[in-house]
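**Q** mind folding the following:
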Amino acid sequence: MMYRYDLHIHTAECDLAAHVPAAEIVRMYHDEGYNGLVITDHCFSIFFDWFKEELDGKTHKEITERWLRGYYSARNEGEKLGMTVLPGAEVRFDGTINDYLVYGLTEDFFYNAPQLNRLKNLSELLSVLPEDVCVVQAHPFRVNMTVIDPAPLFGIEAYNGGTEMYRNHLAKDLALHYQKPMTSGSDFHHPSHLARGGIMTRTKIETPADLVALLKKGAYSLIET
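**A** Next up, the predicted model:
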């Protein structure tokens, strides 16, 4: 049996550029035959602008609960449908443009970690992350993004369902040149993005640790649609 997982999903609960509530996203992917999702809502300064009235004066715990709202809703719906829903993040440091997908995190990490977008750079991010996670540069050839030395990264998002194909080809070439693992994700924001990326594997993923182990083993293929 082949299992399918989308590794790049944004929910309407946490992203004003996303148009589908988390529970509905899970149902849509279930109908498409996917077995799980990683919710990678944006961890960036714009989140605080979008929801300023809700977040002003809140504690770190309350802000984290609000930021995880989409994940919690997706996880609860996934439990009803027998789908794996994992927490992740797409991190952008304040005043910068590059995005980094982080896989292998638990809910507890977010409550105990500093606000990730407030860190200065990738080096600071890596210093606060648990040892056993995977950090992937998302869509590195989008307009205004900067291609960095990929040595500190686990891998490169070589296929992004919301990015032009020629840019995905460049990302794949970058990963091949530096012999970095590749990932794929739909970058879901809208129904038209449904099932446009992800990975296929013979290994069932149930926990963040399962996902990291699979990515490091390389026992998967990319969904590129």
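
**Q** show the contacting residues for the residue nearest in space to the middle of the chain.
**A** Geometric centre of the chain, nearest residue: T40, 3.3 Å, by Cα atoms, centre = their mean. Contacts for T40 (Cβ atoms under 8 Å, 6 or more residues apart in numbering) come out as 7-10, 88-90, 101-102, 185. C-beta here means a position set from N, CA and C on the backbone, and glycine is covered the same way.

**Q** same list (those) but as JSON lines, adding pLDDT.
**A** Listed next are the contacts of T40 as JSON lines, based on pLDDT from 0 to 100:
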{"residue": "L7", "pLDDT": "99"}
{"residue": "H8", "pLDDT": "98"}
{"residue": "I9", "pLDDT": "98"}
{"residue": "H10", "pLDDT": "98"}
{"residue": "G88", "pLDDT": "98"}
{"residue": "A89", "pLDDT": "98"}
{"residue": "E90", "pLDDT": "98"}
{"residue": "L101", "pLDDT": "98"}
{"residue": "V102", "pLDDT": "98"}
{"residue": "G185", "pLDDT": "98"}
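
**Q** what about those, which are in strands?
**A** Among the contacts of T40, DSSP state E puts 7-9, 89-90, 101-102, 185 in strands.

**Q** picking that back up, how close does the residue nearest to the centre of the chain get to V136?
**A** Distance of T40 to V136, computed by Cβ to Cβ, to the nearest Å: 10 Å.

**Q** which neighbours do the two have in common?
**A** 101-102.

**Q** strands along this protein, start to end?
**A** Listed in chain order, the strands of the chain (DSSP E) span 3-9, 36-39, 42-43, 84-87, 89-91, 100-103, 134-137, 155-160, 182-185, 197-201, 221-224.

**Q** which parts of this protein are helices?
**A** Counting by DSSP state H, the chain has helices at residues 22-31, 45-50, 52-55, 60-67, 69-81, 107-112, 122-128, 165-178, 208-217.

**Q** export those to JSON lines and tack on mean pLDDT?
**A** Shown next, in JSON lines, are those (pLDDT from 0 to 100):
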{"stretch": "helix 22-31", "mean pLDDT": "98"}
{"stretch": "helix 45-50", "mean pLDDT": "96"}
{"stretch": "helix 52-55", "mean pLDDT": "96"}
{"stretch": "helix 60-67", "mean pLDDT": "98"}
{"stretch": "helix 69-81", "mean pLDDT": "98"}
{"stretch": "helix 107-112", "mean pLDDT": "97"}
{"stretch": "helix 122-128", "mean pLDDT": "98"}
{"stretch": "helix 165-178", "mean pLDDT": "98"}
{"stretch": "helix 208-217", "mean pLDDT": "98"}
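
**Q** kindly format the C-alpha coordinates of stretch 175-193 as PDB.
**A** What follows is stretch 175-193, C-alpha atoms only, in PDB (Å, rounded to 0.1, in the frame of the first residue of the first chain):
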ATOM      1  CA  ALA A 175      18.900  20.200  -4.400                       C
ATOM      2  CA  LEU A 176      20.600  17.900  -6.900                       C
ATOM      3  CA  HIS A 177      23.700  20.000  -7.100                       C
ATOM      4  CA  TYR A 178      24.200  20.100  -3.300                       C
ATOM      5  CA  GLN A 179      22.900  16.500  -2.900                       C
ATOM      6  CA  LYS A 180      20.200  17.700  -0.600                       C
ATOM      7  CA  PRO A 181      16.900  15.700   0.100                       C
ATOM      8  CA  MET A 182      13.900  17.100  -1.700                       C
ATOM      9  CA  THR A 183      10.400  17.600  -0.500                       C
ATOM     10  CA  SER A 184       7.100  18.500  -2.100                       C
ATOM     11  CA  GLY A 185       3.900  20.200  -0.900                       C
ATOM     12  CA  SER A 186       0.800  21.800  -2.300                       C
ATOM     13  CA  ASP A 187       1.300  25.100  -0.400                       C
ATOM     14  CA  PHE A 188      -2.500  24.800   0.000                       C
ATOM     15  CA  HIS A 189      -4.300  28.200   0.400                       C
ATOM     16  CA  HIS A 190      -7.300  27.700  -1.900                       C
ATOM     17  CA  PRO A 191      -9.400  24.800  -3.200                       C
ATOM     18  CA  SER A 192      -7.600  25.000  -6.600                       C
ATOM     19  CA  HIS A 193      -4.400  24.000  -4.700                       C
END
